[in-house]
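> can't give you the sequence, but here's the structure:
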C-alpha cells in the first residue's frame, strides 16, 4: 500500500533536490522562489523532475511528471502544488 506524502514533505523534497542541483542551501529556496530567479534552467528542471520521480516512486508507484506540464511550472509553489495533486490522484 502506498504511503501518503504530505505537502510539507513534498516542499522539503523539492527544496532539498533543487538545492543540490543548483548548489544552494535549501533555506535559500522558498515556496515563493521562481525557478528563473534561482538560476534554474530547463536542464536543472529536468534533473529536478528525475530526482522527484525517483524519490517518490517508492510511495507512488509509477509517479511521473509530464514534460508538457513541466513547461508550465515556473515557481517552487507551482511545482509543490502539482506534485501534491498528482500524488493525491494516484
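Here it is on my side, so go on. Being a predicted model, the structure only gives us computed values, none of them experimental.
> which residue lies nearest the spatial centre of the chain?
Taking C-alpha atoms, centre = their mean, the centroid of the chain lies closest to residue 14, which sits 4.2 Å from it.
> downstream neighbour of the worst-scoring helix or strand of the chain on mean pLDDT in the secondary structure list?
The least trusted helix or strand in the chain, going by mean pLDDT, DSSP states H and E, turns out to be helix 67-71, with a mean of 83. Next along the chain after helix 67-71, taking DSSP states H and E as the criterion, comes helix 76-89.
> packing partners of that next one?
Helices and strands touching helix 76-89, as assessed by 3 or more C-beta pairs under 8 Å, 6 or more residues apart in numbering; DSSP states H and E, comprise helix 7-22, helix 42-56. Every C-beta, even on glycine, is put in place using the N, C-alpha and C of the backbone.
> measure how that helix sits relative to helix 7-22, angle-wise.
Between helix 76-89 and helix 7-22, the angle comes out at 130 degrees (axes from the mean of the first three to the mean of the last three C-alpha atoms, to 10 degrees).
> please renumber the chain so that the first residue is 15 from this point on.
Sure thing, new numbering starts at 15, so read that last one as helix 90-103.
> quick check: mean pLDDT of helix 90-103?
For helix 90-103, mean pLDDT is 92.
> shaky segments in the chain?
Counting by pLDDT under 70, the low-confidence segments of the chain come to 15-17.
> my guess is the residue nearest to the centre of the chain contacts residue 65. True?
No - Residue 28 is not in contact with residue 65 according to C-beta atoms under 8 Å; the separation is 9.2 Å.
> got the buried residues for stretch 90-104?
90, 91, 93, 94, 95, 96, 97, 98, 100, 101 (16 or more other C-beta atoms under 10 Å).
> wait, which of those is closest to residue 38?
residue 90 (11.9 Å; C-beta to C-beta).
> wait, doesn't that closest one sit right on residue 32?
Yes - the pair residue 90 / residue 32 is scored as a contact, 7.3 Å apart, by C-beta under 8 Å.
> quick check: neighbours shared by those two?
residue 43 (C-beta atoms under 8 Å, 6 or more residues apart in numbering).
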